[in-house]
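1. Show me the folded form of this:
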Amino acid sequence: METFLIDVPVPSMGATVSELTVIDLVVTPGMTVAKGQKLAELESDKSVFEFESPCDGTVKEIVGRAGDILPSGAPFIKIATTDQSLRHLETKSLGGVVHAPGTKPAGAETRAALPVAHAAAHVATPAPVSAPTKPAGIQWTPRASKLATEAGLDPATITDIEATGPGGRVSGDDVAHYIQKHGKPQSAPAAASEAAAPANGFNPHSAETVCIAGVGYAIPSGIRSNGEILKEFPDMTEAEVIKLTGIRERRYAAEGETATSLAATAVQHALAQAKLDVKEIDGVIMATLLPDQPVPSAASALAKQLGVPHALAFDLNAACAGWLYALEVGRAFIRAGTAKKLLVVTAELLSRITNPKDHATAFLFGDGAGAAVLTDCNGGHRLGRMKLAGDADQFDAIQRRGGGAARPLPHPEGHDRDDFYLQMNGSAVFKHAVIAFANQIEATLARHNLKPGDVAWIVPHQANERILRAVSKRVGIPYERFVVTIGKYGNTSAASVSMALGWAAEEGIFASNDKIIFCSVGAGLTFASGLLVW
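-> Here you go, the predicted model:
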């Protein structure tokens, strides 16, 4: 039977949907596929769905990559097949049957070429990067191993523990849950003394780098599960929430917990790691979109609480990219001599401005804080110059209209109350976020003459697990190398990168000289990325 090549188009979703976003591609050229097999995951303005193969065959070519936006009806995947029912999609005969001159195969029709999105037509599918070979058995983060040993447990003998850390590792949180469920052995050995940290490498050739001497994070006491939020959405299931966001729970601040109190806790952890006294701090930069009060600044409130009232202190708002913007400002201050030992802090209590009845945001946001200590010393974890950018054409994609000078208070009758909650156009954010994240990572690689395989970890803004998986596919860096905490903490806006970094550092997953890329996309839109050498 003759084999021929078909163009499988981007599906049409009706008159109101003109384009679809490629969330994930699960096949590559050369793969053999069966009819009904999943080829890709696509998203329209209204749904996320699996795109299946219409036939048995071999994938020959894929137009575009994860994150691309393709028009409905455009060529998407070329498949070599013998399925005669798809002759109307044929673009080329691959031989096997000779037809009489001047005749066409039954059912074949000449089709006009369909338009392809300009960006996708010129983007080659990146060469896949192989994930590092995993050693046999369960992998444990250093912190997890330490906590287990201190509890009298032997990591080598435990096989029934959940592993939710990066790359399927057992994390410290997993150990805590395991102990809570199973208890400790009757006699636990004394805690082993912690080995001295090895000397860390740094880039001695760049006058732009500064030292991150310590990092820390803090989470509030309250846990809000998907089940609690779903009470407002009886037509949704937890499985749907997890598929759409990757979030299982998030932290909510209790009454009495504040952005300042969470920030102070994160700072104490960072100072302890840096082995510095707070009195040595001469600057505080706070990134937040929701300070405890508008005036004075949250940084001033934190400086007062920490006992460094004479340190320079100010706030910065770049939404989810805020902490990375603040890192760059802090780095520039250190290099210019404006400060010598500076705190770059972020704290967000998004639960206070999240509408529990809005399905676009109710499941996403959580509370938390993070901090880093920047110094002018040599050595340590070296932070390079950050790349900052924006796209104000997407100003309306994420916003909170109320609470500013234009509308400081809700209308007495309450008809504009929704404007005082965070509002988001999820589809627009997804379309721009995947490409923006990927562009930042690729630009950072190019700026530092690195290849994807040179990067040990990506620490991204915890926007949405689907976004991060699509970014991983697009840049060719395995998802196992992304530090992902969104499943348990949700999207904490400016705090998310600092919290993920602090969590990973506490778990001990970073090795000396690991190259770590930060990246974030925030409301505005605001973009930020950079390189840290651990």
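2. Could I get the contacting residues of the residue nearest the centre of the chain?
-> Nearest residue to the geometric centre of the chain (CA atoms, centre = their mean): Gln462, 3.7 Å. Residues in contact with Gln462, defined by CB atoms under 8 Å, 6 or more residues apart in numbering, are 468, 484-486, 489-492, 496-497, 499-500. (Each C-beta comes from the backbone N, C-alpha and C, glycine too.)
3. which of those residues lies closest to Gln394?
-> Nearest to Gln394 among the contacts of Gln462 is Asn491, at 17.3 Å by CB to CB.
4. Contact partners for the closest one?
-> Asn491 sits next to 247, 320, 350, 364-366, 461-464 when contact means CB under 8 Å, 6+ apart.
5. And the residue nearest to the centre of the chain, what's its pLDDT?
-> Residue-level confidence at Gln462 comes out at 97, pLDDT.
6. on that earlier part again, next step: the contacts of Asn491 restricted to helices.
-> Here DSSP state H is the test, and the contacts of Asn491 give no hits in helices at all.
7. I'd say Gln268 and Tyr217 touch.
-> No: contact criterion CB atoms under 8 Å: Gln268 and Tyr217 do not qualify, at 11.0 Å.
8. Between these two, tell me which one has more neighbours.
-> Between Gln268 and Tyr217, counted using other CB atoms under 10 Å, Tyr217 has the larger neighbour count: 29 against 15.
9. can I assume the more buried one sits in a strand?
-> Yes: per DSSP: H, G, I helix; E, B strand; the rest coil, Tyr217 lies within a strand segment.
10. Okay, and the beta partners of it?
-> Beta bridges link Tyr217 to Gly370, judged by DSSP bridges.
11. roughly how far apart are it and Leu289?
-> Per CB to CB, to the nearest Å, Tyr217 is found 18 Å from Leu289.
12. got the CA coordinates for the longest helix along the chain in CSV?
-> Scanning the chain for the longest helix, with DSSP H as the assignment, gives helix 426-447. Extracted in CSV, the C-alpha atoms of helix 426-447 (Å, rounded to 0.1, in the frame of the first residue of the first chain):
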residue,chain,number,x,y,z
GLY,A,426,-5.4,33.6,32.0
SER,A,427,-5.3,32.8,28.3
ALA,A,428,-3.4,36.0,27.4
VAL,A,429,-1.0,35.5,30.3
PHE,A,430,-0.2,32.0,29.2
LYS,A,431,0.4,32.9,25.5
HIS,A,432,2.9,35.6,26.4
ALA,A,433,4.4,34.0,29.5
VAL,A,434,5.7,30.8,27.8
ILE,A,435,7.5,32.7,25.1
ALA,A,436,8.8,35.4,27.5
PHE,A,437,10.2,32.9,30.0
ALA,A,438,11.9,31.0,27.2
ASN,A,439,13.3,34.1,25.6
GLN,A,440,14.7,35.2,29.0
ILE,A,441,16.4,31.8,29.5
GLU,A,442,17.8,31.7,26.0
ALA,A,443,19.0,35.3,26.3
THR,A,444,20.8,34.5,29.6
LEU,A,445,22.5,31.5,28.0
ALA,A,446,23.6,33.6,25.1
ARG,A,447,24.8,36.5,27.3
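13. packing partners for it?
-> Counting contacts by 3 or more CB pairs under 8 Å, 6 or more residues apart in numbering; DSSP states H and E, helix 426-447 is packed against strand 19-25, strand 387-390, helix 465-475, strand 515-522, strand 526-533.
14. okay, the angle between the fourth one and helix 426-447?
-> Going back to what we said before, that points to strand 515-522. If you take axes from the mean of the first three to the mean of the last three CA atoms, to 10 degrees, strand 515-522 sits at 150 degrees to helix 426-447.
15. what mean pLDDT would you report for strand 515-522?
-> 96.
16. Check the second one too.
-> pLDDT averaged over strand 387-390 equals 94, rounded to a whole number.
17. buried stuff in that strand?
-> Across strand 387-390, burial judged by 16 or more other CB atoms under 10 Å covers 387-388, 390.
18. wait, doesn't Ser351 sit right on Glu255?
-> No: with contact defined as CB under 8 Å, Ser351 does not count as touching Glu255 (11.2 Å).
19. what about these two, which has more around it?
-> Ser351 (21 against 6).
20. Low-confidence stretches in the stretch 101-250 of the chain?
-> Counting by pLDDT under 70, the stretch 101-250 of the chain shows low-confidence ranges at 101-136, 186-206.
21. cool, the stretch 251-400 of the chain as well?
-> Within the stretch 251-400 of the chain, not a single segment meets pLDDT under 70.
22. Tell me where it has helices.
-> 259-274, 298-306, 322-336 (DSSP state H, counting those that start in this stretch).
23. Put together a markdown table for those helices, with distance to Ile69 on each row.
-> Listed next are those as a markdown table, based on distance: least, CB to CB, whole Å:
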| stretch | distance to Ile69 |
| --- | --- |
| helix 259-274 | 36 |
| helix 298-306 | 37 |
| helix 322-336 | 25 |
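24. ok so, going back, okay, and which of the contacts of Gln462 map to helices?
-> 468, 486, 489, 496-497, 499-500.
25. among those residues, who's most crowded?
-> Most surrounded of the ones in helices among the contacts of Gln462: other CB under 10 Å gives Met499, at 32 neighbours.
26. Can you give the domain ranges for this structure?
-> Following the assignment in automatic domain parsing, the chain carries domains at 4-100+110-121, 144-182, 210-533.
27. between those, which gets nearest to Gly137?
-> Closest to Gly137 of these is domain 144-182 (CB to CB; 7.9 Å).
28. residues contacting the closest residue to Pro356 other than its chain neighbours?
-> Nearest non-adjacent residue to Pro356, counting by CB to CB, 6 or more residues apart in numbering: Ala362, 5.3 Å away. By CB under 8 Å, 6+ apart, the contact list for Ala362 reads 229, 232-233, 354-356.
29. So which residues of the stretch 201-350 of the chain form strands?
-> All strands of the stretch 201-350 of the chain, identified by DSSP state E, counting those that start in this stretch, fall at 210-218, 222-225, 249-252, 283-287, 312-316, 341-349.
30. ok, what's across the strand from the closest residue to Ile79 other than its chain neighbours?
-> Distances taken as CB to CB, 6+ apart put Gly57 closest to Ile79, at 4.3 Å, once the chain neighbours are dropped. Assessed by DSSP bridges, Gly57 has beta-bridge partners Val33.
31. Show the model's pLDDT score for Gly57.
-> 96.
32. Next one: it from Ala266, what distance?
-> 54 Å.
33. of the two, who's got more company?
-> When Gly57 and Ala266 are compared for neighbours, Ala266 comes out ahead with 28 against 25, by other CB under 10 Å.
34. which stretches of the stretch 401-534 of the chain aren't confidently modelled?
-> Judged by pLDDT under 70, no stretch of the stretch 401-534 of the chain qualifies at all.
35. Any idea which of the helices and strands packed on helix 426-447 gets closest to Glu41?
-> Here strand 19-25 is closest among these (CB to CB), at 4.2 Å.
36. angle of that closest one against helix 426-447?
-> Interaxial angle of strand 19-25 relative to helix 426-447 (the same axes, to 10 degrees): 50 degrees.
37. now the angle from strand 19-25 to helix 465-475?
-> 80 degrees.
38. Now do strand 19-25, average pLDDT.
-> Here the average pLDDT along strand 19-25 is 86.
39. Now do that strand: which elements does it pack against?
-> The contact analysis (3+ CB pairs under 8 Å, 6+ apart) places strand 19-25 against strand 38-43, strand 69-71, helix 426-447, helix 465-475.
40. let's go with 6 Å and repeat that
-> The contact analysis (3 or more CB pairs under 6 Å, 6 or more residues apart in numbering; DSSP states H and E) places strand 19-25 against strand 38-43, strand 69-71, helix 465-475.
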